[in-house]
Every structure is written in structure tokens, then in C-alpha cells.
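J.: please find the sequence and the predicted model below.
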Amino acid sequence: MKLSAIRPIALVLSRELTITALLLLGVSFVVFIILYLSPGDPFSVLLEGQVSTEEAREGLREAMGVPKSWYSQYLSWLTNMLQGNFGTSVRTGLPVLQEVLRMGLNTVVLTIGSLFITLLLAVPLALYSAVRGTDRISWPLTMFSYVISALPVFWLGYIVIYFFTHKLGIFPMAFGYSSGGSGSAWLYALLPIFVLGIGNGTVSEVIRFLRSEMSRVMAEDYIRTARAKGASVWKHSFKEGLLIPVTEIIASKIPFILGGAVIVEQVFNWPGMGKMAWQAAQDRDYPVIMGVAILAAVLVRLGSLFQSVVYVAVNPRASKE
Amino acid sequence: MTAAPLLKIEDLRTYFYSRSKQAFIRSVDGVSLEIAKGETLGVVGESGSGKSITALSVMGLISGGPGVISGKIGFKTDSLQRNLLHQLEDYVTITKKDNRIMQVNKEEAGWDRHTDHLMDRIRGKEIAMIFQNPKSSLNPFTPVGKQITEAIQLHTAVRSEQEAKERALSWLDRVRIDSPRLRFDNYPYGLSGGMCQRAMIAMALACEPSLLIADEPTTGLDATIQSKIVDLLAELKTELGITTMLISHDISIISRLADAIAVMYGGTVFEYGPAKEILSSWFTSKHPYTTALLTSVPSAQNIREKGYLQAIEGDVLDTINIPAGCRFYSRCNRVTEKIRERCERCEPELREIVPGHKVRCWLYYE
């Protein structure tokens, strides 16, 4: 790559990273406020089963070194966080950062895997119907994918578990329970990835979006020129008709898929961020919730960062601004 | 029109099916034209007269949806002879019932594949095309030079990147783009409309095609740029002797370049003959529509004679409900009592009134 091509990308990166930093600050603050205002706190959870008097909770708070006012609580979290210390889990005592990253990796596998499945289904169908219109091949396939998309993931998840694990016994029961070693661990991963990939309403939306984008580009004057000069229509329509819309879809779907992941991780007992967040919310495990929120925000920002970089790299006009 | 024609269009019909009206929109309705080697044929007519659809039919670019083409388009060079519509109709079945067209079944995939097969080594190599709106006709994501080298590498013996670039640069220079080396790496958005059209012309001619189709090449450009593009086309015509089919609604542009002119109206040819006869004032046996077109050109002379600019009354023909008689009847100002009935009831043929000059009008039937 020439230097002239890298410069605009570097510019976009620096701009995006600034936005990300500000956004993370905002997210952490809002999440903190919501936690602070919502009923319950970690102390009552820790003291559960014991006499939970006001004095006992106060004592516990002081023993754990938690400041009293909400702003000093937030500020102490923030200063620690900026030094790379996300605190420890109230429940397990494990360092939050390490735990969140470990679980987050599983969620990233789930998210990227399911996006891949979605695109694998949607891209060929969308391209086919953009070029050929709806015909005997594309219509039933599109309808089928719409129906599948409309199924709620938790239901689809249980159905899949019922058939593949109980009835057919092809897939192991649950993550980590398998005795077959690492081989069946990744096999187990296929089920939730598949369910999140085809369900959750993403496939139909991706098909519709990609198809309309591709048909629009196919009608462009420059595609007519490409045909008139005997060049490949695909080669000329690829960037605007496929590459840009696909990156847009990836960026805009990540928050949505993360939301779906929370449910799918519950259903499949998948040790990911969503399950961790769910558990932490039950326990009022504030440091973990904050950590998960920050990681989720980082993932979402990574998506749009990816989109911006691709867009600038592809679109000569955008890079001049 | 003496040498064996390079392109010979015979009874071309390009229809589009309208499902709601259960009828065909007859955009091109029986057009026959021919272009001899080295000749420039100007096709003139109002918008909607079917000129662009004729050109797109020649290029096999009528694909999407309901377009149905019939007729014959013979293309003949020293090394190649082909009917560009050969057996294309096999892919279409039309279901009729009481004069209504109930259904048009077009096997699109087969149609497209067959068209691509017929147009193989013709599009871009033998017939090149330039369009109106040059800015949007170039790929916005690819540098202009790259788009020219792509055509060169596709259609000529030149394969190496460097050699193709040298050739593209010499063409950019030839179409009078200054500092071609600089422009080579520019994207279309960085160039003006006129420059884009020059680049389009360079791209079209870089593979030395036998025929250039220029579809409204100056439409959408500033008036001064328009005349410069016409100058360039005239220059290239004398320099290279390219065979051209020039399509324009603007008869003044046609008049500067064309050797022969076809005047189109409502999907048919109304008058077809040597440019010098059609444009001259001494040749009076013209079609009333041609005369009307000539007097509606905003030239100083036309305005001086009348004191205002003459426009053609009425609207362009609705190509779904084509009347039984002459297509121009309702707008014609030269219908005499003697021929009125014929004008209203029957469509005249395109008839040779002097050798090499045909007119479709009852006025010239004895």
C-alpha cells in the first residue's frame, strides 16, 4: 500500500479512537448510575441468609474499602480502571479484567461465528435475487429464511438441543461436560453459533439490505459501462454492491447479536460474557457488570471502527475529506 | 451507403411488457438502419423516440425484466459476421388472449447467457459505447486510467500493466486531456464532466473498435464543453475514420458530424437519407416532422425568420396505444384534405423518394 492510501486510514483511526474513549467514559457513567439507582446492592447479596441489618452492611462496606457517596465510588472505580484495574468480583474474588476477557473471548467466538453463518446464508441468496429477481429458486429459499429468522432464539435453541443432543446425541450435552476432549468442545460450539446465526431476525434483514443495495448498484450507469466494454460486472459492482454493505451490516448488527448472545448463552450454558452479565446482575456484582458493559461497548466500537476503515480504504472520495 | 454495411439493423422491435396494461410498450417498433464502414450515422429524435433503446439493443444491454427484442442485427467485419439477435426470441414465450397479452415469460438466465455469448468479443472490442452523464458512467471506485487499461488488457494483445498504461496515456493525450500522467491516477469525482467524457472516449477507442456508438454524448454537459466534445469527435472522425452511430436529440450536433441521418419518431424511422439532403433548405421533400425539428433548433436564423422559436405542438407519442394511422398525424401541420383519410387510417411505409433517401409520409405517394 502506498503512503497516500495509509494516511486517510490513520486519520480515521485516530478520530474513531477519540470517539471510542469518550463513549466508553459515557457508558461507564450511565451504567454506574443505573446500578446505583436500582434496588439491592452487593452487600445484601453477600449477607443473604444472615441478619442483614443496616450496621452489618455498613461494616461490610467499610471492610471492603468502598467509599460512601456515589460520586466517590464512581471516581475510585474510574481511577482504578484508568490504571488497568477493573477490581475484583464481589462474588468470586477473581480479578474482573481477566475474567471478562476470558469469557469475552467465548462471546467473540460466538458473535463472529454466527455472523459468518448469517452472511454465508444471506449473501448468496441476496446476490442471486438481486440479479435474477424473485424466481422459483430464490423465492422459497428467501421465504424459508424469513420464517427461520422470525423464530425466537430461546425457542429455536431448545428445539435444537432437544433434537441434536437428546434425540440424535450427535452433539455433547453442555460446554465442559464432554469427556471427549477438545474435539467435542468446538463441536459443542457449533450449535449456539448456528442458532444465533440463523435465528435472531438477522438473516432476513441482511438479505433484504444486501439485495436492495446490490440491485441499486446494478442499475448504476457505471455498471452499464462495464457491461458495454465487456468487463466483469461482478468486478465492478463488488465494492459498492457487496463490500461496503457487508461491512455496514457487520458493524450495525454487532450490538444486536450481543443482545441475542445473552439469551443463547443462557440456553446453551455457554460460558460467555452474556451469561456472565446475567449472573452478575443476579448477584449485584457491580465490578463485573461494569467490566462487561465496558467490554460490550468496546466490541461495538470495534465493529464501527472496522466499517470506517474499510469505507475509507475503498471509497476514494471519503479519504479526501 | 454503397459499401457493404458494417452494421445492418433489420426490422428491430424492442418491446417492454407492461403487466398493468396487459400490453407492450413498443419503444422500438420496426427500425431498419445501416451503417457503412467509415460512415457516421446520426440518429435524431425527441426523447422517447426509441433512439437510445435502439443503441442498447445493438449492444445487448436490454436485459433486466420485461425487455423483448426481435428482428435482425447483422454485424460484419473482415473477420467476423454475426446476427446479434440470433435465436434470442427462443427464450421468450408470449401468451395472448383476445388481442391482450396475458403473459410474457422470459427465461432470463438463458436470455442473458445467450446475449453474452452473441456479444462475446464484440462488446468493447468491436463495438464500443459512450453514454450521456459521463461522470456517473465511470466507476467511482477506480482511477480513470485503470479503467482504460482494463479495457486494453481485455481486448487487445497488450497484457503487461506497463504497456497498457503507456497506451492509455497516449489515448488520454489524444483526446486532449492535459497532463495525462496526472489524470491517470485521478478518480472520476476529481474530473469535470467534459474530462470524464474525454476519458470515456479514450476508453472506448483504446481497443480500436470497428463501431463507436455515442448515445447523447454531450447531454448533461455545459454548452461550451458540448461544442468542445463535438470538436473532438469531429477531429477523431477525420483522423481515424471511425464508424460512428451518433445519437442525439440535438440536430445541430448531428449536423456537424453525420454523413447520413435517421429521424426517429415513436419507435420508427420517419426519414432516412444523406445528411446534406436532410439538412439542406433546397431539398424540400422532407417529412413534416423533420422540417418541424429543423425549425425548432434555436439558431439565429430560425429566430430571425419567425421572430420567435417554433416548437412542435403536442406531446411525444404514447408507445402503448399507437394509433392505426401515421404516428405523427395528431401533431402534423401539413395534412391536406386529399390525404387526411389515409393519414388517419393507415400507416405509410418508409418509401424511397429519391435514390438513397426514404421518407415515411403520405405526402410523397403519388
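T.: Thanks, I have it. Numbering: from 1, shown residues only, chains lettered A, B, ... in the order given.
J.: and residue A:118, how far from residue A:285?
T.: Residue A:118 is 32 Å from residue A:285, where distance means C-beta to C-beta, to the nearest Å. Any C-beta I mention is one placed from the backbone N, CA and C, and that applies to glycine too.
J.: what residues of the helix or strand hosting residue A:106 count as buried?
T.: Taking DSSP states H and E as the criterion, residue A:106 maps to helix A:96-132. Judged by neighbour count (16 or more other C-beta atoms under 10 Å in any protein chain shown), helix A:96-132 contains these buried residues: A:96-97, A:99-100, A:103-104, A:106-111, A:113-115, A:117-119, A:121-123, A:125-131.
J.: now stretch A:69-82
T.: A:73-74, A:77, A:81.
J.: same check on stretch B:37-52?
T.: By 16+ other C-beta under 10 Å, the buried positions in stretch B:37-52 come out as B:37, B:39-46, B:48-52.
J.: just the residues you listed now: which is nearest chain A?
T.: Taking C-beta to the nearest C-beta as the measure, chain A lies nearest residue B:52 of those, at 11.2 Å.
J.: that closest one: what's it in contact with?
T.: Each residue near residue B:52 by C-beta atoms under 8 Å, 6 or more residues apart in numbering or on different chains is listed here: B:215-216, B:247.
J.: may I ask which helix or strand encompasses residue 79?
T.: By default, I'm working from chain A. Per DSSP H and E: helix A:70-82 holds residue A:79.
J.: helices and strands around that helix, which ones?
T.: In terms of contacts (3 or more C-beta pairs under 8 Å, 6 or more residues apart in numbering or on different chains; DSSP states H and E), helix A:70-82 is packed against helix A:3-37, helix A:286-314.
J.: ok, residue A:43 - contacts?
T.: Residues counted as contacts of residue A:43 (C-beta under 8 Å, 6+ apart) are A:57, A:60-61.
J.: top of the contacts of residue B:52 by neighbour count?
T.: Within the contacts of residue B:52, neighbour counts (other C-beta atoms under 10 Å in any protein chain shown) peak at residue B:247, which reaches 27 neighbours.
J.: average pLDDT for the helix or strand containing that residue?
T.: Using DSSP H and E, the element containing residue B:247 is strand B:243-248. Mean pLDDT, computed over strand B:243-248, is 96.
J.: just stretch A:299-308 next, same as before
T.: Across stretch A:299-308, pLDDT averages out at 90.
J.: figure out how far it is from the centre of its chain.
T.: The chain centroid and the centroid of stretch A:299-308 are separated by 11 Å, computed with C-alpha atoms, centre = their mean, to the nearest Å.
J.: which other residues reach it?
T.: The contact list for stretch A:299-308 (C-beta under 8 Å, 6+ apart) reads A:12-13, A:16-17, A:19-20, A:23-24, A:104, A:107-108, A:111, A:247-248, A:250-252, A:254-255, A:258.
J.: show the buried residues in the residues you listed.
T.: Buried among the contacts of stretch A:299-308 (16+ other C-beta under 10 Å): A:12, A:16, A:20, A:24, A:104, A:107-108, A:111, A:247-248, A:250-251, A:254, A:258.
J.: contacting residues around residue A:195?
T.: A:114, A:153, A:156-157, A:160, A:264, A:267-268.
J.: go through the residues you listed and name the one nearest residue A:315.
T.: Nearest to residue A:315, judged by C-beta to C-beta, of those is residue A:114 at 27.9 Å.
J.: from chain B, how far off is the closest one?
T.: Applying C-beta to the nearest C-beta, to the nearest Å, the value for residue A:114 to chain B is 30 Å.
J.: quick one on the thing from earlier: pick out the most distant pair among the buried ones among the contacts of stretch A:299-308.
T.: A:12 and A:107 (26.3 Å).
J.: what about the most centrally placed residue in chain A, which helix or strand?
T.: Nearest residue to the geometric centre of chain A (C-alpha atoms, centre = their mean): residue A:258, 3.5 Å. For residue A:258, the host element (DSSP H and E) is helix A:244-268.
J.: returning to what we had before: show residues contacting the strand holding residue B:247.
T.: Contacts for strand B:243-248 (C-beta under 8 Å, 6+ apart): B:6-7, B:35-44, B:51-52, B:54-55, B:58, B:210-219, B:233, B:237, B:253-254, B:257-258.
J.: swap in 6 Å and give it another go.
T.: B:6, B:35, B:37-38, B:40-43, B:51, B:55, B:211-216, B:254, B:257 (C-beta atoms under 6 Å, 6 or more residues apart in numbering or on different chains).
J.: distance between the helix or strand following that strand and the chain's centre?
T.: Using DSSP H and E, the next helix or strand after strand B:243-248 towards the C-terminus is helix B:251-257. Taking the mean of its C-alpha atoms, helix B:251-257 sits 14 Å from the chain's own mean (C-alpha atoms, centre = their mean).
J.: need the three-state assignment for residue B:301.
T.: helix (DSSP: H, G, I helix; E, B strand; the rest coil).
J.: distance of the closest residue to residue A:78 other than its chain neighbours relative to chain B?
T.: Once flanking residues are discounted, residue A:78 sits nearest to residue A:28: 7.1 Å by C-beta to C-beta, 6 or more residues apart in numbering or on different chains. Using C-beta to the nearest C-beta, residue A:28 is found at 39 Å from chain B.
J.: residue A:56 too?
T.: Look at residue A:56 and chain B: by C-beta to the nearest C-beta, they are 67 Å apart.
J.: could you check the angle the helix or strand that residue falls within makes with helix A:70-82?
T.: In this structure, residue A:56 sits in helix A:54-64 according to DSSP H and E. In terms of direction (axes from the mean of the first three to the mean of the last three C-alpha atoms, to 10 degrees), helix A:54-64 departs from helix A:70-82 by 30 degrees.
J.: please list the residues outside helix A:54-64 that contact it.
T.: A:43, A:47.
J.: buried ones in that helix?
T.: Using 16+ other C-beta under 10 Å as the test for burial, helix A:54-64 gives A:57, A:60-61.
J.: wait, which of the residues you listed is closest to chain B?
T.: Set against chain B, the nearest of the buried residues of helix A:54-64 by C-beta to the nearest C-beta is residue A:61 (59.8 Å).
J.: pLDDT below threshold where in the chain?
T.: Let's take chain A. Scanning chain A for pLDDT under 70 picks out the ranges A:1-4, A:49, A:51-52, A:171-186, A:319-321.
J.: nope, chain B
T.: Those would be B:1-3, B:63-65, B:366, if you go by pLDDT under 70 across chain B.
J.: redo that, cut-off 50
T.: For chain B, applying pLDDT under 50 flags the ranges B:1.
J.: please enumerate the helices of it.
T.: Taking DSSP state H as the test, the helices found in chain B are B:51-59, B:108-118, B:134-137, B:144-155, B:161-174, B:180-184, B:193-205, B:223-240, B:251-257, B:275-279, B:288-295, B:300-306, B:340-345.
J.: of these, which approaches residue A:8 most closely?
T.: Ranking the helices of chain B by proximity to residue A:8 (C-beta to C-beta) places helix B:144-155 first, at 18.7 Å.
J.: name the helices or strands packed onto that closest one?
T.: For helix B:144-155, the packing partners by 3 or more C-beta pairs under 6 Å, 6 or more residues apart in numbering or on different chains; DSSP states H and E come out as helix B:161-174, helix B:193-205.
J.: which elements pack onto the shortest one?
T.: Right, helix B:193-205. Using 3+ C-beta pairs under 6 Å, 6+ apart: helix B:193-205 touches strand B:127-130, helix B:134-137, helix B:144-155.
J.: tell me which of those sits most buried.
T.: strand B:127-130 (a mean of 27; mean count of other C-beta atoms under 10 Å in any protein chain shown).
J.: which residues touch that one?
T.: Under C-beta under 6 Å, 6+ apart, the answer for strand B:127-130 is A:228, B:59, B:200-201, B:204, B:209, B:211-214, B:217.
J.: run the chain-centre distance for it.
T.: Averaged C-alpha coordinates place strand B:127-130 at 11 Å from its chain's average position (C-alpha atoms, centre = their mean).
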